[in-house]
Structures are given as C-alpha cells and as structure tokens.
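S.K.: okay, structure incoming, though there's no sequence with it:
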C-alpha cells in the first residue's frame with residue numbers, strides 16, 4: 001500500500017472535536033529520561049516516521065510483542081519522534097508499587113484481561129482518542145510464543161477501537177528487544193538485564209505503514225476480525241523487513257519462554 005488511506009486522513013483533518021488532552025508533566029519527564037536510560041541497555045535504532053497530518057492525533061500505534069522490554073524500547077523510540085502515547089497495558093503493571101503510580105499518573109490505560117471489567121479499557125481508550133490522544137497497544141495481547149518470534153493472530157480490541165473512532169492505525173515493528181531480558185523468570189530476567197549493560201544488543205523500532213481499513217465497519221459481521229487480521233498482516237510485513245539476517249530462527253533463544261504455534265498468524269492463501 002502506498003501512503004495512508006485518504007478516507008482516514010480526511011476524517012482527521014475535518015474533525016471538529018476539541019482536542020483537550022495534554023501529556024502530564026510526569027509523562028513528559030519520563031519520555032525524556034527514557035532517551036538516556038534505555039540506551040544504557042541497548043543500541044536503539046529507530047526508522048520510519050509518522051505522517052505530519054497524523055501527529056496531533058487521534059492515532060493508534062500497533063506493535064508486535066516479542067519480549068518484556070518491548071514497551072521501554074518503544075517509549076524511547078516515541079520520545080525520539082516527539083510522540084507521547086498513552087499506553088494500553090495489563091492490570092498487573094498498574095497494581096505494582098511505585099511503577100503502578102507512575103502508570104496511572106502518566107495517563108496510561110489499564111486493561112483487565114480476563115476480567116469482566118476488560119471492556120472498560122475500550123471505553124477509556126475511545127474517550128482518549130476523541131481527546132486527540134495517541135494510543136499505543138500490542139494487539140496480540142501477550143508476548144508471542146511463536147518459536148520464530150512471528151506475530152500471533154491479534155485479538156480484536158485494537159481493531160474495534162479503530163473502527164469505532166475512525167482513528168488511523170500505524171504499525172510499529174520491533175526487533176531485538178527480546179535479547180535484553182528473558183520472558184518471565186525473576187532471577188534470569190534480572191541477570192540478563194544486568195548483562196545487557198555491557199552486551200547492549202541492537203533494538204530496532206520501525207514506524208511503518210498506515211493500515212488500510214477502508215471498506216470495513218463495526219456494523220458488518222466479520223469486519224472486526226478482518227480489521228484485526230489486516231493489522232497483523234501489516235505488522236508481519238514490517239517485521240520481516242527489519243529482521244535483517246534473522247528471517248527464520250532468532251539468533252538469541254530465550255531459554256525460559258514457552259513455545260506454541262497455536263495462535264501464530266498465517267496469511268490466507
């Protein structure tokens with residue numbers, strides 16, 4: 001696809017809704033701090049950009065999820081691009097002492113996966129987009145378990161958000177952050193993170209295409225699923241382009257990450 005869908009850009013340009021949200025001072029400070037702290041653990045390489053017409057929002061950034069350090073690298077990349085996204089993140093991050101306070105006071109959006117309150121996140125994110133915010137989310141809903149670190153089939157939350165609001169979706173592909181720390185074992189996570197201070201693996205972030213969701217609607221049965229699959233397909237294409245010499249099996253294999261292909265996305269033939 002060449003360039004963003006014109007229908008979405010036109011909707012954004014002609015929007016008469018008042019944009020009121022401004023990133024809190026704490027979040028702006030943390031974004032600046034990320035440009036200093038994150039490069040201590042990795043060599044962050046940022047490519048691509050956001051079209052000028054979309055920078056003021058509303059905008060959805062949809063990324064692939066390959067490791068627990070992904071969000072920190074994404075934050076540093078957004079800071080370089082002068083973006084201050086409100087991140088949709090799982091409940092556990094908001095209930096953690098200190099870190100949870102930072103998340104809440106920075107204006108991020110809590111997602112209660114597996115709970116009856118999970119739909120509240122969609123309402124909060126919809127309101128945020130109507131205020132002109134940029135939302136960052138991982139459509140997969142978890143770190144991919146695919147052995148080749150390919151994207152898993154996205155859940156429908158981000159697709160619903162896009163179709164409800166008309167906000168354009170920009171794909172953000174990430175690669176390399178999985179080498180910074182391990183999947184989910186506190187001891188090995190800490191040891192790997194400390195070793196990253198001298199290893200400093202390359203972490204790539206690419207701001208890619210605007211996903212073409214034209215012709216899809218919340219009112220048409222199956223369109224939400226089609227929108228989710230289009231987002232995943234665009235993500236997979238951008239990820240392939242930045243993986244370089246690792247098109248197949250990753251150079252680094254996380255010894256504690258479980259493996260499964262049950263949710264691996266596969267293009268329709």
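M.R.: Perfect, thanks for sending it. Bear in mind that the values here come from a model prediction, so they are computed numbers and not experimental data.
S.K.: for residue 101, see how far away residue 95 is.
M.R.: According to C-beta to C-beta, to the nearest Å, residue 95 stands 10 Å off from residue 101. Where C-beta positions appear, they are placed from N, C-alpha and C, glycine not excepted.
S.K.: ditto for residue 130
M.R.: Going from residue 130 to residue 101 by C-beta to C-beta gives 26 Å.
S.K.: neighbour count: those two, which is higher?
M.R.: Taking neighbours as other C-beta atoms under 10 Å, residue 130 and residue 101 compare with residue 130 leading, 19 against 12.
S.K.: what's the pLDDT at the more buried one?
M.R.: In this model, residue 130 is scored at 92, pLDDT.
S.K.: phi, psi of the residue most central in space within the chain?
M.R.: Against the mean C-alpha coordinate of the chain, by C-alpha atoms, centre = their mean, the closest residue is residue 63 at 3.3 Å. Dihedral angles of residue 63 (phi, psi; degrees, to the nearest 10) stand at phi -120, psi 160.
S.K.: spatially nearest residue to it, not counting backbone neighbours?
M.R.: residue 172 (4.1 Å; C-beta to C-beta, 6 or more residues apart in numbering).
S.K.: now for the strand or helix carrying that neighbour, which elements pack on it?
M.R.: In this structure, residue 172 sits in strand 169-175 according to DSSP states H and E. Judged by 3 or more C-beta pairs under 8 Å, 6 or more residues apart in numbering; DSSP states H and E, the packing partners of strand 169-175 are strand 59-63, helix 70-80, strand 202-210, helix 223-242.
S.K.: what about the stretch 101-250 of the chain, any weak spots by pLDDT?
M.R.: Counting by pLDDT under 70, the ranges of the stretch 101-250 of the chain that qualify are 114, 116.
S.K.: please enumerate the strands of it.
M.R.: 109-111, 134-137, 169-175, 202-210 (DSSP state E, counting those that start in this stretch).
S.K.: now tabulate those in a markdown table and tack on mean neighbour count.
M.R.: Shown next, in a markdown table, are these (neighbours: other C-beta atoms under 10 Å):
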| stretch | mean neighbour count |
| --- | --- |
| strand 109-111 | 22 |
| strand 134-137 | 26 |
| strand 169-175 | 27 |
| strand 202-210 | 21 |
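S.K.: run through who's touching stretch 75-87.
M.R.: Applying C-beta atoms under 8 Å, 6 or more residues apart in numbering, the contact partners of stretch 75-87 are 23, 27-28, 30-32, 34-35, 38-39, 44, 46, 49-50, 55, 61, 71, 103, 106-109, 125, 128, 133-137, 172, 205, 207.
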